[in-house]
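Q: Need coordinates for the following:
(chains A and B)
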Amino acid sequence: MAAGERYHDRVAGWLTGFAVLWSLLGMTAGVYIAAELVWPTIDFGQEWLSYGRLRNLHTNAVIFGFGVSALMATAFYSVQRTCHAPLFAPGLAWFVAIAWQAGVLAGGVSLLAGWNGGKEYAELEWPFDIAIAVVWVCFAVVFFGTIARRRIQPIYVSNWFYGALIIVIAMLHIVNSLAIPVTWSKSYSLFAGAQDAVVQWWYGHNAVGFLLTGGFLGMLYYFLPKHADRPIWSYRLSIVAFWAFTYSYIWAGPHHLHYNAVPEWVQSLGMVMSLVLLAPSWATMVNGVMTVAGAWEKLRTDPALKFIVLSLAFYGLATFEGPMMSIKSVNVVSHFTDWTVGHVHSGALGWNALITFGTFYFLVPRLVGAELYSTRLANWHFWLALAGVMLYVLAMWGAGVSQGLLWLSLDEIGELSFSFKDIMASMAPYYALRLVAGVVFLSGAALMAINLWMTVQGRAVVRVAPPPVAEGAV
Amino acid sequence: MAAIRNSLSPWHFAGLMARPSKACDRLAGPAPEVHDVILRVVLPLSIVPPVLAYVGGATFGWRLGGGEPLYIPADGLVLISLAYFVALVTGFVSTALVASWMAGTYGARREFGAHLAFVALVGMPAIVASLAHLAPHAFVNMLLLIPALIWSLYLLYRCLPAALGTSPERGMLMASSLVAYVLVAFVSLLGITVVLWSGGIGPALGV
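A: Numbering: from 1, shown residues only, chains lettered A, B, ... in the order given. Model prediction:
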């Protein structure tokens, strides 16, 4: 270890701050579009306030603004500690952090202006796609450069997940974004028809898999043992689950295309591989639950651990519900309904957001060397988050199953019993309930933002030196 | 033992539900016999929602929104009510089984009777909310079910440590694990129902 060497934690701190900001902006956009589904005239005739544009802003802000900033922050923080080495190319890490925020901001504005590539979760147009690829490669250089200079021989499991996130998202993003530009704001996909759909859902489902699942599992595997102050329950299980997860997830995309114009065997393969995914997902859940179970005393002093416990419960639900909904005879009723929206949010709010909140309550006080400003506020946040996500999921289960049943109902002469318009008009109460759920969840996130702001106010990030490495570990 | 047996009735549990402190203390006592809880509490409670659903569905038809109510033929309605009853009994018993299986991990008491009585108490608000089945409109039912579920969650987190004899911290972990199980069980039930519909059992669907 070079004398005076310190970890580069300021960049992780700033990324954490940006993530909190994006969570508030992205969730506010989500609440607004939920309100538009109850009162459609509140777009006031403005194109940029229309559902079609704000919905993309919502998904991009929460996934790429909140989610990816949180993943970059925690990856930079944890890779240094698991390698006992400061970040490789810290200047490049700052470039990644700032360029990413600028990209999400400019991309969000472009979506409001109506620039849209038309691919779900990959709506940004080609200039942004090129910029994202460049920043992502820089992220890879910093992360793998730090791994390469590690002072401990084994590569800890959290880094395997972060590494998979970086490699697979690069591959998916570049292939799915291949397009022929026509103007600065318009391009056409290199793929056509059914091929385009298969490539899009190979990207779309694996963005869920390697970013929203794999990346956040990296967060879980580093921060859960730190919270619990004990090693992961079964390290071997975590490695087996990693390889099983990585192998099976990549095949599951076609379950988004059931009963569409893609070969039957491709659909069935997507379904079978989705069912196989249950095993590694639940292996990870069991590993997490058993790690916490042995550290229950920590709950007395650590309000953040509760968030991680609950996130594991929703991880269990979402990873069970997903494979179940990929079964073709379930999908025929559930597809295109709000059941899918509920499923996505049980994962996004219940798993991704809760584990990130729990991690931030742990990380931020340590970054600035202070106690959390208010445990009471954090406890309030916990109950608001639980209520918000439960209400959301229940509202969407009710709406989704009703839609699936009513859309397909036949009368005695074999005609559809109900008109689509009438069915959708009758969904207003469920959408109102979803709006309430969103407001409740967002209020909790706002409490967290206040709590973390008060914790860091007037304090600088603590400079930490890598600890000495024991003989034999190198 | 006789005192315990006498306090095992749907009415007694409905009263306990409204007084959480008393309920926690009551369940913290000696565990009741398994067959007593099943015969005196679980079975009578599980009959209520299916009967109400049958009466409401046969009289008014189910409104899921979107125009005319859905009338299901009487024999179909009986079948659905029976399936509902079986699902409820299975739900109570399986949740208690899962809870007693988890007890070792979370340092809780192991007697199955105690777990079954606790699960019945936690499920009680939902049983009361099933009165809404008499007005068989999907959203009305959901609107009543939500406060009931909030009360159930409150009873679960509040009473679990005392009722199952573990520390508040381990109780919190065990309660969250049970929430996960119940959510998964509920969504499985939704999945099974939809598979039955797709297979031609239940309402006539164009699949």
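
Q: Tell me, how many residues neighbour the residue of the stretch 151-300 of chain A found nearest chain B?
A: At 3.9 Å from chain B, A:L299 is the closest residue in the stretch 151-300 of chain A, using C-beta to the nearest C-beta. For the C-beta atoms, the positions are set from N, CA and C on the backbone; glycine is no exception. Look at A:L299: counted by other C-beta atoms under 10 Å in any protein chain shown, it has 22 neighbours.

Q: ditto for the one 5 residues further on
A: Other residues near A:A304 number 23, with proximity taken as other C-beta under 10 Å.

Q: Quick check, pLDDT for it.
A: Looking at A:A304, its pLDDT is 88.

Q: list the contacts for it?
A: For A:A304, the contacting residues are A:227, A:357-362, A:378, by C-beta atoms under 8 Å, 6 or more residues apart in numbering or on different chains.

Q: before we move on, what about A:P254?
A: Counting by C-beta under 8 Å, 6+ apart, A:P254 has contacts A:198, A:201, A:262, A:266-267, A:269-271.

Q: Now stretch B:84-98: buried residues?
A: B:84-85, B:87-89, B:91-93, B:95-96, B:98 (16 or more other C-beta atoms under 10 Å in any protein chain shown).

Q: Pick out the residue nearest the middle of chain A.
A: With distances taken as C-alpha atoms, centre = their mean, A:L212 lies nearest the centre of chain A, 3.4 Å away.

Q: which residues touch it?
A: Counted by C-beta under 8 Å, 6+ apart, A:L212 has contacts A:63, A:67, A:347-348, A:351-352.

Q: swap the cut-off to 6 Å and go again
A: A:N352 (C-beta atoms under 6 Å, 6 or more residues apart in numbering or on different chains).

Q: With A:F161 instead?
A: Applying C-beta under 6 Å, 6+ apart to A:F161 gives the contacts A:214, A:217-218.

Q: can I get those residues in a markdown table with pLDDT?
A: Converted to a markdown table, these look like this (pLDDT from 0 to 100):
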| residue | pLDDT |
| --- | --- |
| A:G214 | 95 |
| A:L217 | 97 |
| A:G218 | 97 |
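
Q: Can you list which of these are found in helices?
A: The helices, defined by DSSP state H, take in A:217-218 from those.

Q: Could I have the ChimeraX command that selects the buried members from the contacts of A:F161?
A: Applying 16+ other C-beta under 10 Å to those, the buried members can be selected in ChimeraX as follows:
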select /A:214,217,218
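
Q: name the helices or strands packed onto the longest helix anywhere in chain B?
A: For chain B, the helix with the greatest residue count under DSSP H is helix B:74-106. Where contact means 3 or more C-beta pairs under 6 Å, 6 or more residues apart in numbering or on different chains; DSSP states H and E, helix B:74-106 is packed against helix B:43-60, helix B:112-129, helix B:168-198.

Q: And the first one, what's buried?
A: Just to be clear, that refers to helix B:43-60. Buried residues in helix B:43-60 (16+ other C-beta under 10 Å): B:45-50, B:52-54, B:56-58.

Q: Would you mind listing what in chain B touches chain A?
A: B:64-67, B:105, B:138-139, B:142, B:169-170, B:173, B:176, B:179-180, B:183-184, B:187, B:191, B:194-195, B:198, B:204-207 (C-beta under 6 Å from any C-beta of the partner chain).

Q: Now which of those would you call buried?
A: Counted by 16+ other C-beta under 10 Å, the residues of chain B next to chain A give B:64-66, B:138-139, B:142, B:169-170, B:173, B:176, B:179-180, B:183-184, B:187, B:191, B:194-195, B:198, B:204-205 as buried.

Q: tally of neighbours for residue 10?
A: Let's take chain A. For A:R10, using other C-beta under 10 Å, the count is 18.

Q: nope, chain B
A: Around B:P10 there are 18 residues (other C-beta under 10 Å).

Q: wait, what's in contact with it?
A: Neighbours of B:P10 in contact, by C-beta under 6 Å, 6+ apart: B:44-45.

Q: quick one, phi psi at it?
A: The phi/psi pair for B:P10 (degrees, to the nearest 10) reads phi -60, psi -40.

Q: Could you measure from it over to B:K22?
A: 17 Å (C-beta to C-beta, to the nearest Å).

Q: can you check A:T146 too?
A: 58 Å.

Q: what about the helices in the stretch 1-150 of chain A?
A: A:10-38, A:51-60, A:68-83, A:90-112, A:126-148 (DSSP state H, counting those that start in this stretch).

Q: one step back: now intersect the contacts of A:A304 with the helices, please.
A: A:227, A:357-362, A:378.

Q: Looking at the buried residues of stretch B:84-98, which is nearest chain A?
A: B:V98 (12.5 Å).

Q: Of the ones in helices among the contacts of A:A304, which one scores lowest on pLDDT?
A: Scanning these for pLDDT, the low point is A:H227. It has 89.

Q: thinking again about what came up before, buried ones among the contacts of A:P254?
A: By 16+ other C-beta under 10 Å, the contacts of A:P254 give A:198, A:201, A:262, A:266-267, A:270-271 as buried.

Q: so how far is stretch B:160-175 from its chain's centroid?
A: Relative to the centre of its chain, stretch B:160-175 is centred 20 Å away, using C-alpha atoms, centre = their mean, to the nearest Å.

Q: Now do the buried residues in it.
A: B:160-167, B:169-175.

Q: what sits up against it?
A: A:296, A:299-300, A:309, B:24, B:27-28, B:102, B:106-109, B:118, B:156-157.

Q: rerun that using 7 Å as the cut-off
A: Outside of stretch B:160-175, the residues within contact range by C-beta atoms under 7 Å, 6 or more residues apart in numbering or on different chains are A:292-293, A:296-297, A:299-300, A:306, A:309, B:24-25, B:27-28, B:102-103, B:106-109, B:114-115, B:118, B:156-157.

Q: From what I see, A:R459 and A:V368 are in contact.
A: Yes - the pair A:R459 and A:V368 passes the contact test of C-beta atoms under 7 Å, sitting 4.0 Å apart.

Q: With neighbour numbers in mind, choose between these two.
A: Neighbours per residue, other C-beta under 10 Å: of A:R459 and A:V368, the larger number sits with A:V368, 19 against 12.

Q: Quick one, grab the pLDDT at the more buried one.
A: 97.

Q: next one: A:G253
A: 94.

Q: For the residue positioned nearest the centre of chain B, give me its contacts.
A: Per C-alpha atoms, centre = their mean, the C-alpha nearest to the average position across chain B is that of B:G123, at 4.0 Å. Going by C-beta under 7 Å, 6+ apart, B:G123 touches B:92, B:152.

Q: and it, how far is that from B:I80?
A: B:G123 is 20 Å from B:I80, where distance means C-beta to C-beta.

Q: then stretch A:99-118 to CSV, C-alphas only?
A: What follows is stretch A:99-118, C-alpha atoms only, in CSV (Å, rounded to 0.1, in the frame of the first residue of the first chain):
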residue,chain,number,x,y,z
ALA,A,99,-21.5,12.5,-17.7
TRP,A,100,-24.2,10.0,-16.6
GLN,A,101,-26.2,12.7,-14.8
ALA,A,102,-25.9,15.1,-17.8
GLY,A,103,-27.0,12.2,-20.1
VAL,A,104,-30.0,11.3,-18.1
LEU,A,105,-31.0,15.0,-17.8
ALA,A,106,-30.6,15.8,-21.5
GLY,A,107,-32.2,12.5,-22.4
GLY,A,108,-35.2,13.3,-20.2
VAL,A,109,-35.6,16.7,-21.9
SER,A,110,-35.4,15.0,-25.3
LEU,A,111,-38.1,12.6,-24.3
LEU,A,112,-40.3,15.5,-23.3
ALA,A,113,-39.6,17.1,-26.6
GLY,A,114,-40.9,14.0,-28.4
TRP,A,115,-37.6,12.4,-29.5
ASN,A,116,-38.3,8.7,-29.1
GLY,A,117,-36.8,5.6,-30.7
GLY,A,118,-40.0,3.6,-29.8
